[in-house]
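In: okay, predicted coordinates and the sequence, questions at the end:
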Amino acid sequence: MDDHPTSYWHPLGDGRVQCDLCPRECKLKDGQRGLCFVRMASNGAVVLTTYGRSSGFVIDPIEKKPLNHFLPGSAVLSFGTAGCNLTCKFCQNWDMSKAREMDRLQDFATPQMIARAAKELGCRSVAYTYNDPVIFLEYAVDVARSCREEGIRSVAVTAGYIHGEAREDFFQEMDGANIDLKGFSDDFYHKLCSGSLQPVLDTLVYLKHHTSVWFELTTLLIPGQNDSDEELNAMTQWIVDSLGPDVPIHFTAFHPDYRMLDISPTPQATLTRAREIALKNGIHYAYTGNVHDKAGESTYCHHCGEILIGRDWYELSEWNLTDRGECTSCGTECAGLFEGPAGEWGARRLPVQMSRFR
């Protein structure tokens, strides 16, 4: 498709334009791309160069996003494009998020095609993931609107690095989100992501207090970088104080990748320690991820301790919730989006050829 117009920019008066999508505020000459690579100055405006183009479509379990309290057991149609507005040295999807070649975007799909595919394939939601959907906001929003017409929900997997006006426009079309809270210090964001912490915290506060979006948090714990007791205490206390105890957090294991090949994988004991700190500080739902840890993957009633949802990797086992999401033992509500019994998608991962839905 041709370059797509965008709204989040303004002229600087010197022949350049400033992109106002995210805190980077890239100042661009005609033909120049922002750091994200997919938003470009063209004829005195900023355009999106990846509208309608994807690196591929896959049906995943919703738990892989990860979302443990959003239609558990259901299938989600996942896709991404290319580029990113952060430069994380530990990126685990760097082949997509750091892509600088548009020819890798082989799969063409209109918003209507994606919504139709999700419905026909039995997916209850579509996830904008693999690279950050903030940078392809216009495409994601149009897909979400088409999905809503078909009764399909939308899920954003994002670092939340976005400015206020765009933030409002983006999240009003989303039903669920997983926000990547990469660490809890400006130093971490600056050194390893070339970003800053506060815009992400602003996004989290906005989501909690100004939207009905169900969201969960993920923090990739990197040994020696963001896994100290002090930082984990500060982060989880802030979550409880600013967002409340019902926002789930996933502590996931780092594996050497991209530009951090010299760091060892995260020990499982570190993930368990982080989960214990979160629970001690009052977070009701804390999880471990990227490791095999049934206890750390499962959901428990914060009132009586009953196991509510058993998980073994992405397979659900125990299910002790009513159709309304209440503990069958004590009646306490489990926070999240629950509609009827658990889904049965399991751990399958199924590639989808979008051309069949044209």
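Out: Looks like it came in fine.
In: count of residues packed around the residue nearest to residue 326 when sequence neighbours are not counted?
Out: Closest residue to residue 326 apart from its sequence neighbours, by C-beta to C-beta, 6 or more residues apart in numbering: residue 333 at 5.3 Å. For glycine as for every other residue, the C-beta is placed from the backbone atoms N, C-alpha and C. Residues near residue 333, counting by other C-beta atoms under 10 Å, number 16.
In: need the pLDDT of the one residue sitting closest to the centre of the chain.
Out: What sits nearest the mean C-alpha location of the chain, by C-alpha atoms, centre = their mean, is residue 157, with 1.6 Å. For residue 157, the model assigns a pLDDT of 98.
In: name the SS class of it, please.
Out: Using DSSP: H, G, I helix; E, B strand; the rest coil, the secondary structure recorded for residue 157 is strand.
In: now do the contacts for the residue nearest to residue 326.
Out: The neighbours of residue 333, taking C-beta atoms under 8 Å, 6 or more residues apart in numbering as the test, are 324, 325, 326, 327.
In: how close does the third one get to residue 29?
Out: Read that as residue 326. Distance, residue 326 to residue 29, by C-beta to C-beta, to the nearest Å: 58 Å.
In: more neighbours: these two, which one.
Out: Shown here are residue 326 and residue 29; by other C-beta under 10 Å, residue 326 has more neighbours (17 against 10).
In: phi, psi of the more buried one?
Out: Residue 326 adopts backbone torsions of phi -110, psi 150, taken as degrees, to the nearest 10.
In: re the thing from before, PyMOL command for the buried members of the contacts of residue 333?
Out: Buried subset of the contacts of residue 333, written as a PyMOL selection, criterion 16 or more other C-beta atoms under 10 Å:
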select buried, resi 325+326+327
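In: and the contacts of residue 333, which is closest to residue 289?
Out: Nearest to residue 289 among these is residue 325, at 21.7 Å by C-beta to C-beta.
In: what's the pLDDT at that closest one?
Out: Looking at residue 325, its pLDDT stands at 95.
In: spit out the contact partners of it.
Out: Residue 325 touches 333, 334, 335, 336, 337, 338, counting by C-beta under 8 Å, 6+ apart.
In: highest neighbour count among those residues?
Out: residue 334 (24 neighbours).
In: which parts of the top helix by length along the chain are buried?
Out: In the chain, taking DSSP state H as the definition, the longest helix is helix 229-243. If you call a residue buried by 16+ other C-beta under 10 Å, then helix 229-243 has these buried ones: 231, 232, 235, 236, 237, 239, 240, 243.
In: what bridges to residue 40?
Out: Counting by DSSP bridges, residue 40 is bridged to residue 33, residue 47.
In: neighbours around it, how many?
Out: 21.
In: follow-up on the earlier one: report the angle between the helix or strand just after the longest helix of the chain and helix 229-243.
Out: For helix 229-243, the following helix or strand on the C-terminal side (DSSP states H and E) is strand 249-253. Orientation check (axes from the mean of the first three to the mean of the last three C-alpha atoms, to 10 degrees): strand 249-253 against helix 229-243 gives 150 degrees.
In: remind me what strand 249-253 packs against, helices and strands.
Out: Counting contacts by 3 or more C-beta pairs under 8 Å, 6 or more residues apart in numbering; DSSP states H and E, strand 249-253 packs against strand 214-221, helix 268-280, strand 286-289.
In: can you name the next helix or strand after the helix or strand of the chain with the lowest mean pLDDT?
Out: The helix or strand of the chain with the lowest confidence, counting by mean pLDDT, DSSP states H and E, is helix 94-97 at a mean of 55. Scanning forward in sequence from helix 94-97 by DSSP H and E, the next helix or strand is strand 107-108.
In: can you pull the buried residues of the following helix or strand past that following strand?
Out: For strand 107-108, the following helix or strand on the C-terminal side (DSSP H and E) is helix 111-120. Under the neighbour-count criterion of 16+ other C-beta under 10 Å, helix 111-120 has 111, 112, 113, 114, 115, 116, 117, 118, 119 buried.
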